[in-house]
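Student: missing the sequence, but the structure's below:
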């Protein structure tokens with residue numbers, strides 16, 4: 001499979017982290033998780049972070065959801081009636 005990486009967890013000793021931090025960070029950026037070990041025992045994990053949406057983005061998402069919801073009404077049907085209609 002050429003250069004494809006499996007995104008499994010790798011275990012790396014602290015000495016290797018110090019010597020290869022830039023390379024390890026590139027691997028983490030690609031999705032790999034790196035467990036840092038000391039004397040064979042796990043002590044920390046490097047994982048890719050996910051950016052949190054801003055408050056403005058959250059407000060916009062809520063506004064969009066409410067807009068879609070306002071256009072989609074049950075038209076007087078109960079949930080039970082909609083389920084029965086869907087089964088026909």
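Tutor: Noted; the coordinates are in hand. This one's a predicted model, so the numbers in the text were calculated from it and none came from an experiment. Numbers count the residues shown, from 1 in each chain.
Student: For burial, what's the neighbour tally of residue 30?
Tutor: Applying other CB atoms under 10 Å, we find 10 residues neighbouring residue 30. Any C-beta I mention is one placed from the backbone N, CA and C, and that applies to glycine too.
Student: Could you find the closest non-adjacent residue to residue 16?
Tutor: residue 24 (7.9 Å; CB to CB, 6 or more residues apart in numbering).
Student: tell me the secondary structure for residue 31?
Tutor: coil (DSSP: H, G, I helix; E, B strand; the rest coil).
Student: show me the residues around the residue nearest to residue 16 that make contact.
Tutor: By CB atoms under 8 Å, 6 or more residues apart in numbering, the contact set of residue 24 is 12, 16-17, 34, 46.
Student: that's a helix at residue 50, yeah?
Tutor: No: using three-state DSSP, the secondary structure at residue 50 is coil, not a helix.
Student: give me every residue that touches it.
Tutor: With CB under 8 Å, 6+ apart, residue 50 has no contacts at all.
Student: which stretches of the chain have low pLDDT?
Tutor: Across the chain, the ranges flagged by pLDDT under 70 are 1-7, 88.
Student: In it, which residue is most central in space?
Tutor: For the chain, the residue nearest the mean C-alpha position is residue 50 (6.7 Å; CA atoms, centre = their mean).
Student: the domain parsing of the protein - what is it?
Tutor: For the chain, the structural domains run 9-46, 55-87, going by automatic domain parsing.
Student: Just name the most buried of these.
Tutor: domain 9-46 (a mean of 13; mean count of other CB atoms under 10 Å).
Student: distance between the ends of that one?
Tutor: 10 Å (CA to CA, to the nearest Å).
Student: Ok, stretch 39-49 next?
Tutor: Start-to-end, stretch 39-49 (CA to CA) is 27 Å.
Student: got it, and stretch 63-81?
Tutor: 29 Å.
Student: other SSEs contacting the host helix or strand of residue 35?
Tutor: Following DSSP states H and E, one finds residue 35 within strand 33-38. With contacts defined as 3 or more CB pairs under 8 Å, 6 or more residues apart in numbering; DSSP states H and E, the packing partners of strand 33-38 are strand 9-13, helix 14-29, strand 41-46.
Student: Alright, that wraps it up for me.
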